[in-house]
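K.L.:
Mind looking at a prediction? Sequence and model below.
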Amino acid sequence: MSDTVGLVVGTEDSTPLKFAVAVAPDAYLQLDDVVVTQRVIPGVGPVMTSGIVTEVRSRHEGASFGSDVFLIADGVLPAQVQEIAEVTTTRVDPEVYVPPRPGEAARRAAGEERARALYFDKMEKKVPVGTGRDGEPVYLNLEFLNGVRGAHVSISGISGVATKTSFALWLMHSIFRSGVLGGGGRNSKALVFSVKGEDLLFLDKTNVRLDEELRADYGVLGLPAAPFESVGFFAPPTPQDPTGRPHVSGRTSGVHAFWWTLAEFCAEGLLPYVFADVEDERNQYTMVVHNVATKLKYEAVPAGLDGAVTIEGKTLRTYEQLVDFVVEQLGDDSTRGSWAGPAIGPGTANAFIRRLISSVRPLREILRGDLQKSDERVVSTEGQQITVVDLHQLQERAQRFVVGVVLASETRRKEAAGTGSLLFTMIDELNKYAPREGNSPIKDTLLDIAERGRSLGIILIGAQQTASEVERRIISNSSIKVVGRLDPAEAGRPEYGFLPPSQRQRATLIKPGTMFITQPEIPVPLAVEFPFPAWATRLSECLPHELGESPAKSPGAEKKPAANVFTRLPPTFDDDEPPF
């Protein structure tokens, strides 16, 4: 049922797309409230105009000077306080675009009127993404997520307070647990690249802060307050460890080390991903990259079960040995032509050599020919619904290599498998992998996903501090755009033109856990709040029995609150991106 809150103003122009409401003395309107007004058109009938409050003003009517407020307060000067709410239209039903008439009653929409105003009644499959300012659920249309009418999500905001990663995980939780995927949900997957500590290595553990109030928050949205059910974790090997243990400290089980053998590196032509810096693609030595990759593909022969290779009779077991061998071939005038290409001079070859040598340190732990091969080391989304690839222990160059190779592999796999299931790919710091300027193998893969992934069932969920630094075609192909807390300078960029002026200003002030979300069906972005994670976001938030430890030995057990006295305050995080 809707509440009458005021009348359409007659002192300001009303248009079909924007109108103002004078708020009644005993009522109020706040930003993001949904308002509806009705006008009867001859021969048509009632036309309902719905919208969202995008600005509210309060002033003294009858005052001329700023100092008059003191006279009015003392009762010397007669005046009246009046609040005016600016409403931006979201829907006209039926579509007869006439302005609301002054004096018509305006109501705060609720129930079916709210659903119609926000097009929720037109969504066959709704994904709950949080609650509005009125405490009621807000939904996304699945058809703009699963590729039917659009795909991809872009999430922007300041690192540390915008909760980009937390919202991306919350969105995936909602997609997988709300039932909107139907029977196909069992085959849909998510691939998550983690670059911020070990926070995402506990997605399958219940958060110790989960209490009845938080369960109720999830219940409002029709979602279980529970961790992710099916998760696989991958991390790079521990440096200088011959056993290939994963390089993690908080989680001691359930994490697999990943690496590529030298034989795979050569046979699959992975050398271009070593040169993934965008500025590299503008140099002539990139021709050498492809020539050397082709040479390695045809000359390298697997040697043994540990992934080593033999080239021209020489066995190579480490990435450093492989680099030294290639450098030797390019440095020799007699062999340079066959490896680098017939038209490549010493200068271009040396430019390639310098950059190849600089890759040894960041890549030597994940390109191996000295570890026993294991199927568990292969990063794959098969076998679990959520796959987390932990990259925070790797240098930036190695992170680019892993992201590029894994994305290319999963894209090929998904293309071969055909449609029928979805692969959600979450990438943090997207501006590092697909910057606005330059080219690279990773950027080409991401562009392919953005432009063609919809037809393949590959959905990109990209998070970045600055959307203005991400390739335009990726942002423009994202049907869903999400904005958290923004830097004031960034908020003024054209990439945020979909935000009304008041929301641009609010984006510099909003608290963690609040996001502005825009989707194609609704012309005004919606402000939503999403619940605190029900899954652990660090080791100390895990329940002791889920870690297989007694409470006395559990990290932070002595600080654990009583069973019914859970704190609602956010935890302190070591990294720069807490969940709230």
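P.N.:
Yes, it's here.

K.L.:
Could you use CA atoms for every contact and neighbour count after this?
P.N.:
OK.

K.L.:
low pLDDT regions in the stretch 401-550 of the chain?
P.N.:
Residue ranges of the stretch 401-550 of the chain with pLDDT under 70: 548-550.

K.L.:
count of residues packed around Glu213?
P.N.:
By other Cα atoms under 10 Å, 11 other residues sit near Glu213.

K.L.:
what's the answer for Leu547, then?
P.N.:
Leu547: 16 surrounding residues under other Cα under 10 Å.

K.L.:
Can you tell me how far it is from Gln329?
P.N.:
Distance, Leu547 to Gln329, using Cα to Cα, to the nearest Å: 52 Å.

K.L.:
From what I see, Gln465 and Ile158 are in contact.
P.N.:
Yes - applying Cα atoms under 8 Å, one finds Gln465 in contact with Ile158, separated by 5.1 Å.

K.L.:
The two - which one has more neighbours?
P.N.:
For Gln465 and Ile158, the more surrounded residue by other Cα under 10 Å is Gln465, and the numbers stand at 25 against 20.

K.L.:
For that one, give its distance to His60.
P.N.:
Computed as Cα to Cα, the Gln465 to His60 distance reads 41 Å.

K.L.:
Then Gly135?
P.N.:
Going from Gly135 to His60 by Cα to Cα gives 31 Å.

K.L.:
the more surrounded of those two?
P.N.:
Ranked by neighbour count (other Cα under 10 Å), Gly135 and His60 place His60 first, with 16 against 12.

K.L.:
does the more buried one count as helix, strand or coil?
P.N.:
Following DSSP: H, G, I helix; E, B strand; the rest coil, we place His60 in the strand state.

K.L.:
so who does it touch?
P.N.:
His60 is in contact with 69, 79-82, counting by Cα atoms under 8 Å, 6 or more residues apart in numbering.

K.L.:
tell me which element Val98 is part of?
P.N.:
Under DSSP states H and E, no helix or strand contains Val98.

K.L.:
what comes up buried for stretch 337-357?
P.N.:
Residues 337, 339-341, 344, 348-349, 352-353, 356 are the ones in stretch 337-357 that count as buried (16 or more other Cα atoms under 10 Å).

K.L.:
Pull out the buried residues from the longest helix along the chain.
P.N.:
As assigned by DSSP state H, the longest helix anywhere in the chain is helix 396-417. Across helix 396-417, burial judged by 16+ other Cα under 10 Å covers 397-408, 410-411, 414.

K.L.:
what's next to that helix, contact-wise?
P.N.:
By Cα under 8 Å, 6+ apart, the list of residues contacting helix 396-417 from outside reads 193, 270, 273-274, 276-277, 359, 362-363, 379-381, 391, 423, 433, 441-442, 445, 449, 456-458.

K.L.:
Now intersect the residues you listed with the helices, please.
P.N.:
362-363, 433, 441-442, 445, 449, 456.

K.L.:
Just the closest of those to Thr518, please.
P.N.:
Ile449 (21.0 Å; Cα to Cα).

K.L.:
Quick one: the helices in the stretch 201-350 of the chain, in order.
P.N.:
For the stretch 201-350 of the chain, the helices defined by DSSP state H, counting those that start in this stretch occupy 212-220, 262-267, 286-299, 319-331, 333-340, 346-358.

K.L.:
Same list (those helices) but as CSV, adding distance to Ser50.
P.N.:
CSV is the format used below for these (distance: least, Cα to Cα, whole Å):
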stretch, distance to Ser50
helix 212-220, 24
helix 262-267, 58
helix 286-299, 56
helix 319-331, 63
helix 333-340, 66
helix 346-358, 59
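
K.L.:
Deepest-packed of those helices, please.
P.N.:
Neighbour counts (mean count of other Cα atoms under 10 Å) averaged over each of the helices of the stretch 201-350 of the chain peak at helix 262-267, with a mean of 23.

K.L.:
what does it rub up against?
P.N.:
So helix 262-267 is contacted by 271, 293, 296-298, 300-302, 307-309, 317-319, 367-369 (Cα under 8 Å, 6+ apart).

K.L.:
Show the buried residues in these.
P.N.:
Burial by neighbour count, judged by 16+ other Cα under 10 Å, picks out 271, 293, 296-297, 300-302, 307-309, 317-319, 367-369 from the contacts of helix 262-267.

K.L.:
First-to-last residue distance for stretch 5-25?
P.N.:
Note: stretch 5-25 ends 9 Å apart using Cα to Cα.

K.L.:
And that stretch, what's buried?
P.N.:
5-9, 14, 16-23.

K.L.:
Filter these down to just the ones in strands.
P.N.:
Members of the buried residues of stretch 5-25 lying in strands (criterion: DSSP state E): 5-8, 18-23.

K.L.:
Out of these, give me the two with the largest separation.
P.N.:
The span of those, defined through Cα to Cα, is set by Val5 and Lys18 at 17.3 Å.

K.L.:
Which pLDDT value belongs to Gly75?
P.N.:
On pLDDT, Gly75 comes in at 88.

K.L.:
same question but for Lys553, I mixed them up
P.N.:
pLDDT for Lys553: 36.

K.L.:
and if you look at the one 4 residues further on?
P.N.:
Each residue has a pLDDT score; the one for Ala557 is 35.

K.L.:
Check the one 10 residues further on too.
P.N.:
With respect to pLDDT, Thr567 has a value of 32.

K.L.:
cool, and Val161?
P.N.:
On the pLDDT scale, Val161 gets 75.

K.L.:
So it: helix, strand or coil?
P.N.:
Assignment for Val161 (three-state DSSP): coil.

K.L.:
That one against Pro512, yeah?
P.N.:
Yes - Val161 lies in contact with Pro512 (Cα under 8 Å); the separation is 5.5 Å.

K.L.:
domain assignment for this protein?
P.N.:
3-116, 126-256+373-543, 260-270+277-303+310-368 (automatic domain parsing).

K.L.:
Lovely, talk soon.
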